[in-house]
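> Give me a model of this one.
(chains A, B, C and D)
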Number of protein chains: 2
Amino acid sequence: MPDLDRTFAALSDTTRRAIVAHLAGGEAPLSDLAAPFDMSLTAVSKHVRVLSDAGLVSVSKRGRSRYCQLKAAPMKDAADWLDDYRSFWEERLEALGRYLGEET
Amino acid sequence: MPDLDRTFAALSDTTRRAIVAHLAGGEAPLSDLAAPFDMSLTAVSKHVRVLSDAGLVSVSKRGRSRYCQLKAAPMKDAADWLDDYRSFWEERLEALGRYLGEET
DNA sequence: AGGTTAGTCAACCATATAGTTCACTTATCG
DNA sequence: CGATAAGTGAACTATATGGTTGACTAACCT
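Residues are numbered from 1 along each chain as shown, chains lettered A, B, ... in the order given. Below is the predicted model of the structure:
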């Protein structure tokens, strides 16, 4: 599976995006990541594996904990892909704004 | 399914991203979209449906063709989500660059 | 040593995706 | 009218996802 496929797929789940948001504040062990969710630790572990397979997160054992860390590169790759179309949506939304605002 | 879930999921397929790229150049009928792919028209039709369910594309009948048009808003929503973490990855990648470049 | 905490693994279930083929409807062309 | 082109819909297959539970391993704390 191409990298971008896996990156976007990894980001296509609310739980995983919340995990990414959590990790943006610094590394955290699995159990910390799991705490906010009404879901088994196993389920969170699988979400982290999806993120890790996509390269969005790296996991390192320390004692009995698995510390997860957000990785920059795939985030940037996804943002870069979208940025190629930034001019497209900015023009459209500006045009819409002008239409709704009826200015001039 | 939350909007962002569907948007990212829609973008998590190479074929669909290629369709988006094609449509960024202007609207096109399904058969034009399908032409570059070694895949049945039915398959492409299903891809377009995924994009359309995600709000990324609108489809309008004209004659016997279905013209597809790229929609701006969900693209921007996805980019906005990623942008929240832009500072994160820029810092990381800059730090990496400094390390590799060994400047100062 | 014994108990608790952190996490994985395997099995299972339900649903979604990505593709196929075949049959069908519409619309255009001659 | 009849042929062709554009596209949908249904049925099918294979694989992935998102979740569960239960058994297990590994580490830390008394």
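> Strands along chain A, start to end?
A:28-29, A:57-62, A:65-70 (DSSP state E).
> For my notes, please list these in TSV and give mean neighbour count, distance to DNA strand C and mean pLDDT for each entry.
All C-beta spots, glycine's among them, are computed from the backbone N, C-alpha and C. Converted to TSV, the strands of chain A look like this (neighbours: other C-beta atoms under 10 Å in any protein chain shown; distance: least, C-beta to the nearest atom of the strand, whole Å; pLDDT from 0 to 100):
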stretch	mean neighbour count	distance to DNA strand C	mean pLDDT
strand A:28-29	17	4	97
strand A:57-62	13	6	95
strand A:65-70	18	4	96
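> Of those, which is nearest chain B?
strand A:65-70 (6.9 Å; C-beta to the nearest C-beta).
> And chain B, is that closest one touching that?
Yes: counting by C-beta under 8 Å from any C-beta of the partner chain, chain B is contacted by strand A:65-70 at A:Leu70.
> That strand vs strand A:57-62, what angle?
Here the directions of strand A:65-70 and strand A:57-62 differ by 150 degrees (axes from the mean of the first three to the mean of the last three C-alpha atoms, to 10 degrees).
> helices or strands next to strand A:65-70 in the packing?
In terms of contacts (3 or more C-beta pairs under 8 Å, 6 or more residues apart in numbering or on different chains; DSSP states H and E), strand A:65-70 is packed against helix A:14-24, strand A:28-29, helix A:30-34, helix A:41-53, strand A:57-62.
> Report the distance from that strand to the chain centre.
15 Å (C-alpha atoms, centre = their mean, to the nearest Å).
> ditto for stretch A:8-16
In terms of C-alpha atoms, centre = their mean, the centre of stretch A:8-16 is found 6 Å from the chain centre.
> Repeat that for stretch A:3-21.
Remark: stretch A:3-21 is offset 4 Å from the chain centroid, using C-alpha atoms, centre = their mean.
> Make TSV from the strands of chain A and add distance to A:Asp5 to it.
As requested, the strands of chain A are exported to TSV (distance: least, C-beta to C-beta, whole Å):
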stretch	distance to A:Asp5
strand A:28-29	27
strand A:57-62	17
strand A:65-70	20
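> quick one on the thing from earlier: out of the helices and strands packed on strand A:65-70, which comes closest to A:Thr7?
helix A:41-53 (9.5 Å; C-beta to C-beta).
> Please work out which residues outside that closest one touch it.
A:6, A:9-10, A:13, A:15-16, A:19-20, A:30-31, A:33-34, A:37, A:57-59, A:66, A:68 (C-beta atoms under 8 Å, 6 or more residues apart in numbering or on different chains).
> Just the buried ones out of those, please.
Buried residues within these, counting neighbours by 16 or more other C-beta atoms under 10 Å in any protein chain shown: A:6, A:9-10, A:13, A:15-16, A:19-20, A:30, A:33-34, A:57, A:59, A:66, A:68.
> Write out the residues of chain A neighbouring chain B.
So chain A meets chain B at A:2, A:4-9, A:11-14, A:17, A:20-21, A:24, A:70-73, A:75-76, A:78-79, A:81-86, A:88-93, A:96 (C-beta under 8 Å from any C-beta).
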